[in-house]
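Turn this into a model:
(one chain, ligands or ions: 1)
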Amino acid sequence: MLGVLKKNGFRPVADIRLAEVIIINTCGFIQPARRESRKAIRRALNAKRRDPAKNVIVAGCFVERDRESLMAEFPEVDAWTGVTDFHRIDRLVKGLSINESSGTFLYDHRSPRIITTGPSWAYVKISEGCAHRCAFCAIPIIKGPYKSRPVASVLHEARNLASLGIRELDLVSHDSTWYRRDKGERDGLSRLLEALTKVRGLPWIRFLYGYPGEINDRLLEVMSDAKICRYLDLPFQHSHAAVIKAMKRGIDGPRALELLGKIRRKLPGVAIRTSLIVGFPGEGQKEFENLKEFVREARFNHLGVFTYSPERDTPAWPLGDPVSSQEKEARRRELMEIQAGISREIIGSYVGRKIKVIIEGASPKKGVAFRGRARFQAPEVDGIVELSCPEEPSGAFQPIVTAEIVSAGTYDLKGKVVR
Ligand code: SF4
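Numbers count the residues shown, from 1 in each chain. Purely as a prediction, here's the structure:
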């Protein structure tokens, strides 16, 4: 949207008081995201009350899902659009109406884009929608079936980004491992990664959100290329066989541990992130103990734990929400405590070592020059590396530096630039 607006002569401003038009891109995936979106709409409408000349436009997943009830709740909003017309947002800003398109919008290399993630790394979306039907998930309802971008379009964008100085590409989608399967092609992600390794100027390539059952030998072989970060984001969601079955996910704890063993044998040093859901209907104490044991055995580098949020129209909706929110939160905390110990041990082992760090920008913290990430840390979800620079940085900005790690906390590292 930012790219389209810029191309049409609009200028983004960070201060809501200066904006003539306020656009809120909502998320409607789970309850906390909807709460956050509602808060942002209320804030925008407060600004409009103070200055009625402002226009408020609400877009995105939440609108796609609950347009009518949102329209009734916030009648002062000037325009609404779901997930199909981001490329025509300029028309809404100009006060023009649009006939809504069918199908989720998926950009390509011709779409104007503003990189908001900083000078050295960028997300690249390779598909929209999802081919799976996990019982708890509203994404297929909101975003529709899986739709891949053409390989040539992703490569074109990757070359553009590299020419702008981007050094790390983070491929995102709801399931990267399904890439091109909707077009009847096998090993689409492996072939895309291979092609990306040939793009000049991209030494860090990472993909996020893989479906555990889709990890195959070909993909692991491709991942041994030095340009591909040895990093896998594989949401296992749970370990107990009955819960996994009720979630309509394919891989339970024993099979997950087998898969992790194979990945670690084939890709020594690989960092693995997973996400888990606690409090899914049917998760009693026995099932939760199983999950705790799984977390202890799996020794993930990074873990995200979500409390179950029942979502209307999903296959799990009729199961209700039998686990209380206090209990879910207690289970979430318990898992994160186990993980904190594992994480401290794993990242503590980097102290004294020299590693490559990609610089995300200057740090506002006293005594810290830069904030960056190691190859085993994905942006925004994992820890960071705080870097001091013993000498004044000289010459051109180096997006990737070598740093000696001097200390480690639970999730973050501290180091000094050595080159
Ligand atoms: S694979 Fe991910 S996006 Fe797709 S249905 Fe399952 S949880 Fe949702």
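
Name the next helix or strand following the worst-scoring helix or strand of the chain on mean pLDDT along the chain.
In the chain, the helix or strand scored least confidently by mean pLDDT, DSSP states H and E is helix 89-93, which has a mean of 86. Next along the chain after helix 89-93, taking DSSP states H and E as the criterion, comes strand 121-125.

Need the residues that contact that following strand.
106-107, 115, 117, 149, 154, 157-158, 161, 166-173, 204, 358, 360, 379 (C-beta atoms under 8 Å, 6 or more residues apart in numbering). To be clear about C-beta, it is placed using only N, CA and C from the backbone, and glycine gets the same treatment.

same deal with stretch 298-306?
Stretch 298-306 has contacts (C-beta under 8 Å, 6+ apart) with 30, 236, 256-257, 260, 271-278, 295, 332, 335-336, 339, 342-343, 346, 376-378, 381-383.

Contacting the ligand as well, which ones from those residues?
Contacts with the ligand are made by none of the contacts of stretch 298-306, judged by C-beta under 6 Å from any ligand atom.

Out of the residues you listed, which sit inside strands?
271-278 (DSSP state E).

Most neighbours among those, which one?
Compared across these, I277 has the highest neighbour count, 26 neighbours, by other C-beta atoms under 10 Å.

Thought H240 was touching that residue, still the case?
No. Counting by C-beta atoms under 8 Å, I277 does not reach H240; the two are 11.5 Å apart.

and whichever residue of the stretch 301-419 of the chain sits closest to the ligand, backbone torsions?
Scanning the stretch 301-419 of the chain for proximity to the ligand using C-beta to the nearest ligand atom identifies T314 as nearest, at 9.0 Å. Dihedral angles of T314 (phi, psi; degrees, to the nearest 10) stand at phi -80, psi 160.

Enumerate every residue touching it.
Going by C-beta under 8 Å, 6+ apart, the list of residues near T314 reads 135-138, 141.

filter those by proximity to the ligand?
C137.

so can I have TSV of the contacts of T314 showing secondary structure and neighbour count?
Below are the contacts of T314 laid out as TSV (DSSP: H, G, I helix; E, B strand; the rest coil; neighbours: other C-beta atoms under 10 Å):
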residue	secondary structure	neighbour count
A135	coil	19
F136	coil	24
C137	coil	23
A138	coil	19
I141	helix	17
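
any idea what sits nearest the residue in the stretch 151-300 of the chain that the ligand sits nearest to, other than its immediate chain neighbours?
Using C-beta to the nearest ligand atom, the closest approach of the stretch 151-300 of the chain to the ligand is made by H174 at 3.9 Å. Nearest residue to H174, sequence neighbours excluded (C-beta to C-beta, 6 or more residues apart in numbering): C130, at 4.3 Å.
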